[in-house]
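Peer 1: the sequence and its predicted three-dimensional model are supplied below.
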Amino acid sequence: MKRLISIMLLGMFLAAQGFTQSDLQPVAIVRLTKSEPITVKQYRTEVERMEKQAGRALDTAERRQVLDVMINEKLAIQAAERDKIIVSENEINQQLQNLRASLAQRVGRQPTDAEFTVAVRNETGLELPAFREQLRRQLITQKYLLSKKQSLFNSIVPPTETDIVNTYTLAKTQFIRPETVRFSMIQVPFGADSGTKTKAKSLADQLMQEIGSNPAKFDEAMIRGQTPNSGYQAGDGGYLPRNLEAQQVAGQDFINTAFSLKQGEVSKLIEGVRGYQIIKVTETYGQKSLELDDVFQLGSRMTVRDYIGNALLQERQQAVIERATQELVTELRTGNPFQIFENNLKW
């Protein structure tokens, strides 16, 4: 019996070792300036991530496109390293801040760290550390592309006023600001364990009993919440639009409660994903069809005219990026500085 068990364990070990070795086999080797493999595991992980985002299995041609993109990226990064093009941690942090600001604009308030992490995972299929590394590679590639194709980017012509007006006329029905509120918020955070949630609920109930529906008492609690060791957080929650995207982030109960209040009114206690909340509505805005000189995003100075002009410019920039990328890829692939192992592409 012992001998049989030993043979079984040995078989399992060899099978696991074979699987690991298969994972480490290269599907391609890039060698523009150094030999760098793309392993079966790396390739499979990227294909599976793309399939999850697409919501379906990729066909053979699409899988090959994934590999082409991975090869192109490694070629560009090796070339950038050769030309001493680097990206600093500050540049990566700034890009992350820009993404947070974009999410804040969409949902009408600053997202928490947990909400931002979830948004990154939902959008990219990556956890934040892996997304940060992906962002670093993208920034290096972008810098290299810009350095090599500067003349193409300099040829971009900004949109004229006529371009902006014509675009607005065609898309006027799309420029509708949804019903929106601005609010102040008191939040008692809690963790995943029941102990912190029970403690948070006790403090939240105490605050709710103290505040009731009195706006002045809410303001007093807000001030205390901005001092150290208060046990809760308080501040301006920003602008909250009444749309599906905001509801996905804030939750249906939060949205329904916020839009049931009149300006100056205090809410009931709301149970969120990571905390108990009490809000007071400070500004209310009805649905509005926006004109060119109206503010596009509440809380900012960007007008509809500015927004359209930026969007048109980005379209022209994207067209140039695609052309420049194709030219650069052709140049980097000249001389076949990579090898693909066809037999390892299937798993």
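Peer 2: Perfect, I can see it now. Numbers count the residues shown, from 1 in each chain.
Peer 1: which residues of this structure score low on pLDDT?
Peer 2: 1-21, 108, 347 (pLDDT under 70).
Peer 1: do that again at 80, thanks
Peer 2: 1-21, 105-109, 346-347 (pLDDT under 80).
Peer 1: that one: helices as residue ranges?
Peer 2: Along the chain, counting by DSSP state H, helices occupy 2-24, 40-54, 60-82, 89-107, 113-124, 128-148, 150-154, 161-171, 194-211, 215-225, 244-250, 252-258, 304-333.
Peer 1: in CSV, list the ones you listed along with mean neighbour count and distance to Leu269.
Peer 2: All C-beta spots, glycine's among them, are computed from the backbone N, C-alpha and C. CSV is the format used below for the helices of the chain (neighbours: other C-beta atoms under 10 Å; distance: least, C-beta to C-beta, whole Å):
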stretch, mean neighbour count, distance to Leu269
helix 2-24, 10, 50
helix 40-54, 15, 37
helix 60-82, 17, 48
helix 89-107, 14, 21
helix 113-124, 15, 20
helix 128-148, 17, 31
helix 150-154, 11, 53
helix 161-171, 13, 42
helix 194-211, 15, 5
helix 215-225, 15, 12
helix 244-250, 17, 15
helix 252-258, 18, 10
helix 304-333, 15, 37
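Peer 1: what's the closest residue in space to Ala246 that isn't next to it in sequence in contact with, if anything?
Peer 2: Excluding its sequence neighbours, the residue lying closest to Ala246 (C-beta to C-beta, 6 or more residues apart in numbering) is Val107, at 4.8 Å. Contact analysis of Val107 by C-beta atoms under 8 Å, 6 or more residues apart in numbering lists 240-241, 245-246, 249-250.
Peer 1: cool, and Gly195?
Peer 2: Taking C-beta under 8 Å, 6+ apart as the definition, Gly195 has no contacts.
Peer 1: got it, and Lys199?
Peer 2: Phe190.
Peer 1: for it, give its distance to Ala221.
Peer 2: To Ala221, Lys199 is 18 Å away according to C-beta to C-beta, to the nearest Å.
Peer 1: Val281 is nearest to which of the helices of the chain?
Peer 2: helix 252-258 (6.7 Å; C-beta to C-beta).
Peer 1: which elements pack onto the closest one?
Peer 2: If you count contacts as 3 or more C-beta pairs under 8 Å, 6 or more residues apart in numbering; DSSP states H and E, helix 252-258 packs onto helix 244-250, strand 270-271, strand 275-285.
Peer 1: how far is the shortest one from where the chain is centred?
Peer 2: Right, strand 270-271. Remark: strand 270-271 is offset 25 Å from the chain centroid, using C-alpha atoms, centre = their mean, to the nearest Å.
Peer 1: that one - contacts with which helices or strands?
Peer 2: helix 252-258, strand 275-285.
Peer 1: and the closest residue in space to Leu290 that isn't next to it in sequence, what does it touch?
Peer 2: Leaving aside its chain neighbours, Leu290 sits nearest to Phe175 (4.3 Å; criterion: C-beta to C-beta, 6+ apart). The contact partners of Phe175, by C-beta under 8 Å, 6+ apart, come to 168, 289-290, 296, 304.
Peer 1: state the pair within those that is farthest apart.
Peer 2: Spatially, the most separated pair among the contacts of Phe175 is Ser289 and Phe296, at 12.5 Å (C-beta to C-beta).
Peer 1: and the helices and strands packed on strand 270-271 as TSV, adding distance to Asp23?
Peer 2: Below are the helices and strands packed on strand 270-271 laid out as TSV (distance: least, C-beta to C-beta, whole Å):
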stretch	distance to Asp23
helix 252-258	43
strand 275-285	41
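Peer 1: which one of those lies closest to Ile211?
Peer 2: Closest among these, using C-beta to C-beta: strand 275-285, at 6.5 Å.
Peer 1: for the closest one, C-alpha coordinates in CSV please.
Peer 2: Presented in CSV, the C-alpha positions along strand 275-285 are these (Å, rounded to 0.1, in the frame of the first residue of the first chain):
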residue,chain,number,x,y,z
GLY,A,275,-19.7,52.5,5.9
TYR,A,276,-22.9,54.0,7.4
GLN,A,277,-23.8,57.4,5.9
ILE,A,278,-25.9,60.5,6.7
ILE,A,279,-26.2,63.1,4.0
LYS,A,280,-27.5,66.7,3.7
VAL,A,281,-28.4,68.0,0.2
THR,A,282,-26.8,71.4,-0.3
GLU,A,283,-27.7,72.1,-4.0
THR,A,284,-30.3,70.7,-6.4
TYR,A,285,-30.4,70.9,-10.2
